[in-house]
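>>> The sequence and its predicted three-dimensional model are supplied below.
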Amino acid sequence: MKTLYLDCGMGAAGDMLAAALLELLPDPDAFVRELNGLNLPGVAIAREPAVKCGITGTHFSVKVNGVEEESHDHSHEHPHGHSHGHSHGHSHGHSHGHEHGHAHDHNHSGHDHEHHHGHDHHHSGLHDIEHIVQDHLRLPESVQADVLAVYGLIAEAESHAHGVPATEIHFHEVGTLDAVADITAVCLLLDRLAPEEIVVSPVHVGCGQVRCAHGILPVPAPATAYILRDVPIYGGSVQGELCTPTGAALLKHFAARFGAMPVMRVQSVGYGMGKKDFEAANCVRAMLGETETAAGSILELSCNVDDMTAEQLGFAMERLFDGGALDVYTSPIGMKKSRPGTLFRVICEEADREAMVSLLFLHTSTLGVREARLVRHTLQRTLETVETPYGPVQRKDSEGWGVVRRKYEFEDLARIARTEGISLTEAVRRLETL
């Protein structure tokens, strides 16, 4: 299985993800030319070499009207009554002030330098983002849908953080175009790389506080914390905001699961660098390769019974299989008061938990069901219909972990054995010699 693993040990931002994925392409410069060919107004994208802790990687530079925003990922409302959307894509820190009627400071990590923009800025809402993405960017429909879904996560988080409807969240012109470039680049890169599964490490969000127009807020910022619900995150000792709302939304939208790196044969590695320097290399690492197995989390539901007949146990197993169980099996056990009993086990997907528990209570006499989470390693399996002199025969092919197996469907083997008056073993031998 073609698998992409994203190591977010120093958080994630839109530009860092784009840069890491860009390094996985055979011709990254051609892709940058393609991005610039989208003709985002006033936007110039460049791929720049960067070094962090002696490791060489890529910085994804986005300039809007010649200016590269350095710390701009919060959508937040100003006291003047309008909202202001930023995208932290290019830095895990840096303070900067904008002069357009009022000044504000984002001193995320103790830097004291500022830069000022004397030009006027406009603000855009979600409707304007949809207009840019759908009417001005020549993108596949699936990529457009991904871009808008990521923006939807950000708008929902900002809406929750500020207590205003998502339709009233507005984005600053420069920050908007910068974020559109980052998000579009990541969505288009993933469409081009086409991994079958994306696995993301637990996300380092940093620690401490961040200063914005509202005052001092805790890290992770409220919007980031909202987006990363149900995602494994941690703080550590690095002071500053490591994961931005844009980075969080991209990870949340695309990740199939979060956890440790799976067993995989890595074919290419990319490093996407942030701007700020820390003791640890400030980067996102992307690793693309093949996994031997579709390892995944499954559930084992179990219960003990000592007052069910064999017929009742068989019927319960049948109903659980019909309900979607991956496997159902029983084991003889000894129970209290030296009574012989039966251990009833059901293997199922997490999404089927409620249905399986209901069926266990309905069809067994148990008063309680235990649950355990397991990791399952499987061979890659395909089902093929083979044309033979004996008619079509279904064959199950399995491979992975250095193993290749083929097995013919029993009902087809039985049909051949009956028709030809031979044994099942002979039926298999004849098929294998064709």
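Alright, I've got the coordinates. Numbers count the residues shown, from 1 in each chain.
>>> you'd agree residue 384 is up against residue 397?
Yes - here residue 384 reaches residue 397: they are 6.1 Å apart, a contact under C-beta atoms under 8 Å. Yep, even glycine has a C-beta here, placed from its N, CA and C like the rest.
>>> State the distance from the most centrally placed residue in the chain to residue 198.
Central residue of the chain (C-alpha atoms, centre = their mean): residue 255, 0.5 Å from the mean position. Applying C-beta to C-beta, to the nearest Å, the value for residue 255 to residue 198 is 5 Å.
>>> list residues touching both of those two?
Counting by C-beta atoms under 8 Å, 6 or more residues apart in numbering, the common neighbours of residue 255 and residue 198 are residue 6.
>>> burial measure for residue 337, as a count.
6 (other C-beta atoms under 10 Å).
>>> Show the backbone phi and psi for it.
phi 60, psi 30 (degrees, to the nearest 10).
>>> residues touching the residue nearest to residue 146 when sequence neighbours are not counted, list them.
Closest residue in space to residue 146, ignoring its immediate chain neighbours: residue 187 at 4.1 Å, by C-beta to C-beta, 6 or more residues apart in numbering. By C-beta under 8 Å, 6+ apart, the contact set of residue 187 is 143, 146, 147, 150.
>>> TSV for those residues, including neighbour count and secondary structure?
Formatted as TSV, these follow (neighbours: other C-beta atoms under 10 Å; DSSP: H, G, I helix; E, B strand; the rest coil):
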residue	neighbour count	secondary structure
143	18	helix
146	23	helix
147	25	helix
150	26	helix
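>>> Now the two most distant members of these.
143 and 150 (10.8 Å; C-beta to C-beta).
>>> Which parts of the protein are helices?
Here the chain has its helices, by DSSP state H, at 14-22, 28-36, 126-131, 141-162, 173-193, 222-227, 245-254, 310-322, 353-363, 410-420, 424-432.
>>> Could you pull up the mean pLDDT of the first one?
If I follow you right, that is helix 14-22. Along helix 14-22, the predicted confidence averages to a pLDDT of 97.
>>> Look at residue 384 and residue 397 and report which has more neighbours.
A direct count of neighbours by other C-beta under 10 Å for residue 384 and residue 397 places residue 397 higher, at 14 against 10.
>>> gap between that one and residue 383?
Relative to residue 383, residue 397 is positioned 8 Å away (C-beta to C-beta).
>>> how close does residue 402 sit to residue 379?
Distance of residue 402 to residue 379, computed by C-beta to C-beta: 10 Å.
>>> typo on my end, residue 127
Separation of residue 127 from residue 379 (C-beta to C-beta) stands at 49 Å.
>>> between the two, which one's more packed in?
Neighbour count, other C-beta under 10 Å: between residue 127 and residue 379, residue 379 has more, with 15 against 9.
>>> Next up, the contacts around the more buried one.
For residue 379, the contact set (C-beta under 8 Å, 6+ apart) comprises 293, 398, 399, 400, 401, 403, 405.
>>> What distance do you get for the fourth one to residue 6?
Per C-beta to C-beta, residue 400 is found 23 Å from residue 6.
>>> Show me the shaky parts of the protein.
The chain contains residues with pLDDT under 70 at 69-125, 166-175, 213-214, 292-295.
>>> 80 instead, please
1, 67-128, 130-131, 135-136, 161-162, 164-176, 211-215, 292-297, 401 (pLDDT under 80).
>>> one step back: looking only at neighbour counts, state which of residue 400 and residue 6 leads.
The neighbour count for residue 400 versus residue 6, taken as other C-beta under 10 Å, is higher for residue 6 (25 against 18).
>>> thought residue 208 was touching residue 240?
Yes - Residue 208 is in contact with residue 240 according to C-beta under 8 Å; the separation is 6.3 Å.
>>> on that earlier part again, how about the helices of the chain in TSV, adding distance to residue 65?
Formatted as TSV, the helices of the chain follow (distance: least, C-beta to C-beta, whole Å):
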stretch	distance to residue 65
helix 14-22	18
helix 28-36	15
helix 126-131	17
helix 141-162	22
helix 173-193	7
helix 222-227	26
helix 245-254	20
helix 310-322	63
helix 353-363	52
helix 410-420	68
helix 424-432	69
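>>> and the ones you listed, which is most packed in?
Highest mean neighbour count among these (mean count of other C-beta atoms under 10 Å): helix 14-22, with a mean of 31.
>>> got the angle for that helix vs helix 28-36?
Relative orientation of helix 14-22 versus helix 28-36 (axes from the mean of the first three to the mean of the last three C-alpha atoms, to 10 degrees): 130 degrees.
>>> For residue 192, give its distance to residue 178.
Separation of residue 192 from residue 178 (C-beta to C-beta) stands at 21 Å.
>>> correct me, but residue 301 touches residue 368?
No - distance between residue 301 and residue 368: 10.8 Å, which falls outside the contact criterion (C-beta under 8 Å).
>>> Cool, thanks, signing off.
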